[in-house]
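> with the sequence up front, the predicted model follows.
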Amino acid sequence: MTASFSRLSLAEPLARAVAEMGYETMTPIQAEAIPVVLTGSDVMGAAQTGTGKTAAFALPLLQRLLKHENTSTSPARHPVRALVLLPTRELADQVAQQIKLYGQYTNLRSAVVFGGIDMKPQTAELKKGVEVLVATPGRLLDHIEAKNAVLNQVEYVVLDEADRMLDIGFLPDLQRILSYLPKQRTTLLFSATFSPEIKRLASSYLQNPVTIEVARPNQEASTVEQHFYSVADDEKRRALKQIVRQRGLAQAFVFVNSKLGCARLARSLEREGMNTTALHGDKTQDERLKSLDAFKQGKVALLVATDVAARGLDIKDVPAVFNFDVPFNAEDYVHRIGRTGRAGQSGLAVTFVSGSDTRLVGDIEKLLKRKIELEALEFEEDRPRGRINDGRRAWREVGEVGDPRDMLDAPRPQREYRAHTPRDPFFDQPYQPPAADAKPAWEATVRPANRVSANIKPRRKVAALFKSE
Ligand code: AMP
């Protein structure tokens, strides 16, 4: 059943924004949640990011706030009325951008605050007054302590990705923030799972919530070709590079379990000539947004990420997902591989399983309710590397200075190849950047007749992965 937005009788400025964004029918979470939020009930929603969850809470929330809309320049006339809390900076930024778009034709103001960047511009914006404040918990507490944010007129609070906030250890921060809010308010909690901890949080802070659950992706998409390769830890990088090369993959997500592992792997791949960027919590906000942008624009081939950093990012389809580490949580396996093979496109999901991962693979088998066959990966013969050079220093940085570990984020030095190792002349062809107006890989719509994803490029395109300027 499809539900049109016109059924909702949204106020004209909101309906116009929705129409301009090209939304025609509501997603299942929107069809279920919007009418409930419009009544002012508390909601406990089980929905992943990517389901249209932001509009599901933001549209009715803006609609209910319209009665406060005004054009006064006095900050006192624009107190915070709605607070949206999210676990990561990227998610906060993404949700804030969406809320700005939904509210663009209203006089309601919105702002976002998150850590990792200067507080001053955020403070200036808060001091002017905003009705909708999107925030990560830590930075919001900083602003509360600095008396930049006053929350005693909040009518709505959204705890988005609540399970992730608890995973990260934000419970004490959340408890403190919630203690500053009026008791009389509407609370909306969204979480991928309703774990006992989430239920406990809900029972403490929600009043008679309406529970809304949309289909959970606890099944793999049938369009995703999945492989589990048995690979020793120290062979995983080689395996990754080989599969990227053999499949001619233009772009891929590479998931790892730790921030440290993420940074290390990205650095190693980058040093080995793969066009790579990393997304993890220890990078500055600016670096993280730049990484994301570069990947979205197709300028970067591999995005190495942790689950927390990647969760909910609005990157719809990549040709392949690598689980460099088997995820600790089986549900993350489904989230991760859900990045590929979307909208009927075919996709590839490759998981590297080392000796110590047996239990984790068992958890995935239980979730998927099927047996997983471990495959052996046959390594291609190494390219000849010369007698002395072991290959690691085949690329020499011209004018290289400082610690090569800084390479990932530093401006890239010119490289030249020491021509002492025979190699395929193909790799000496210059890198051809995608056309400026080229659509990102995951937005490609044309599918070749053989039904292979349009995102899976023919083998020759592999040159794009190696920098040779
Ligand atoms: P979200 O789960 O809120 O992060 O939304 C994921 C993506 O779906 C965002 O890019 C939204 O702009 C888009 N989206 C949300 N609702 C709709 C809709 N009803 N129709 C089409 N796209 C939508």
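Right, received. Where do you want to start? From a predicted model like this one, the values you see are computed outputs, not experimental measurements.
> from Gly261, how far off is the residue nearest to Arg89 when sequence neighbours are not counted?
The spatially closest residue to Arg89, leaving aside those adjacent along the chain, is Phe114, at 4.2 Å (C-beta to C-beta, 6 or more residues apart in numbering). C-beta here means a position set from N, CA and C on the backbone, and glycine is covered the same way. Distance, Phe114 to Gly261, using C-beta to C-beta, to the nearest Å: 24 Å.
> contacts only, for the residue nearest to Arg89.
Residues counted as contacts of Phe114 (C-beta atoms under 8 Å, 6 or more residues apart in numbering) are Arg89, Ala92, Asp93, Ala135, Thr136, Arg139, Gln285.
> look up phi and psi at the last one.
Here is the backbone geometry of Gln285 (degrees, to the nearest 10): phi -60, psi -40.
> cross-check the contact I'm expecting between it and Val112.
No - Gln285 sits out of contact with Val112 when judged by C-beta atoms under 8 Å, with a separation of 10.8 Å.
> how near is the residue nearest to the spatial centre of the chain to the ligand?
Taking C-alpha atoms, centre = their mean, the centroid of the chain lies closest to Leu313, which sits 2.4 Å from it. Plainly put, Leu313 is 9 Å away from the ligand if you go by C-beta to the nearest ligand atom, to the nearest Å.
> am I right that that residue is in contact with Gln94?
Yes - with contact defined as C-beta under 8 Å, Leu313 counts as touching Gln94 (6.9 Å).
> how many neighbours does Ile99 have?
Neighbour count for Ile99, taken as other C-beta atoms under 10 Å: 26.
> looks to me like it is in a helix.
Yes - looking at Ile99 with DSSP: H, G, I helix; E, B strand; the rest coil, it is inside a helix.
> what's near enough to touch it?
By C-beta under 8 Å, 6+ apart, Ile99 lies in contact with Thr54, Ala58, Leu62, Val84, Ser110, Val132, Val134.
> from the residues you listed, pick the one nearest Met44.
Within those, distances to Met44 taken as C-beta to C-beta reach their minimum at Val84, with 15.9 Å.
> so who does the closest one touch?
Going by C-beta under 8 Å, 6+ apart, the list of residues near Val84 reads 57-58, 92, 95-96, 99, 132-135, 157-158, 160.
> using PyMOL, define a selection of the buried residues within those.
Applying 16 or more other C-beta atoms under 10 Å to the contacts of Val84 leaves a buried subset, and the PyMOL line that selects it is:
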select buried, resi 57+58+92+95+96+99+132+133+134+135+157+158+160
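> out of the contacts of Val84, who's nearest Val353?
Nearest to Val353 among these, with distances taken as C-beta to C-beta, is Asp160, at 32.7 Å.
> touching, that closest one and Phe190? I think so.
Yes - counting by C-beta under 8 Å, Phe190 is a contact partner of Asp160 at 5.1 Å.
> overlap of the contact sets of these two?
Common neighbours of Asp160 and Phe190 (C-beta under 8 Å, 6+ apart) are Lys53, Phe57.
> can you give me the domain assignment for the protein?
What automatic domain parsing lists as the domains of the chain is 5-213, 224-376.
> let's have these in CSV, adding mean pLDDT.
Output for these, formatted as CSV (pLDDT from 0 to 100):
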stretch, mean pLDDT
domain 5-213, 94
domain 224-376, 87
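> related to what we said a few turns ago, and the contacts of Ile99, which is closest to the ligand?
Within those, the smallest distance to the ligand is 3.2 Å, found for Thr54 (C-beta to the nearest ligand atom).
> can I get the one helix or strand the closest one maps to in CSV, CA atoms only?
For Thr54, the host element (DSSP states H and E) is helix 53-65. In CSV, the C-alpha atoms belonging to helix 53-65 read as follows (Å, rounded to 0.1, in the frame of the first residue of the first chain):
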residue,chain,number,x,y,z
LYS,A,53,13.2,8.1,9.7
THR,A,54,14.3,11.7,9.9
ALA,A,55,11.3,13.0,8.0
ALA,A,56,9.1,10.6,10.1
PHE,A,57,9.9,12.7,13.2
ALA,A,58,11.0,16.0,11.7
LEU,A,59,7.9,16.8,9.6
PRO,A,60,5.3,16.3,12.4
LEU,A,61,7.6,18.0,14.9
LEU,A,62,8.0,21.1,12.6
GLN,A,63,4.2,21.1,12.0
ARG,A,64,3.5,21.2,15.7
LEU,A,65,6.1,23.9,16.2
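> show me the contacts for the closest residue to the ligand within the stretch 101-250 of the chain.
Relative to the ligand, the nearest point of the stretch 101-250 of the chain is Leu101 (8.0 Å; C-beta to the nearest ligand atom). With contact set as C-beta under 8 Å, 6+ apart, Leu101 has these partners: Ala17, Met21.
> check Leu189 too.
Shown in contact with Leu189 (C-beta under 8 Å, 6+ apart): 42-45, 158-159, 162, 198, 201-202, 205-206, 209.
> how about the residues of this structure near the ligand?
Tyr23, Met26, Thr27, Gln30, Thr49, Gly50, Thr51, Gly52, Lys53, Thr54, Ala55, Asp314 (C-beta under 6 Å from any ligand atom).
> would you map the helices across the stretch 51-200 of the chain?
According to DSSP state H, counting those that start in this stretch, the stretch 51-200 of the chain carries its helices in the segments 53-65, 89-102, 119-128, 137-145, 162-168, 171-179, 196-205.
> nearest to Ser354, out of those helices?
helix 162-168 (23.6 Å).
> neighbouring contacts of that closest one?
For helix 162-168, the surrounding residues in contact (C-beta under 8 Å, 6+ apart) are 85-88, 137, 159, 171, 174, 189-193, 195, 197-198, 201, 308, 311.
> type out the ChimeraX command that picks the buried ones from those.
Of these, the buried ones go into a single ChimeraX selection, burial set by 16+ other C-beta under 10 Å:
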select :85,86,87,88,137,159,171,174,189,190,191,192,198,201,308,311
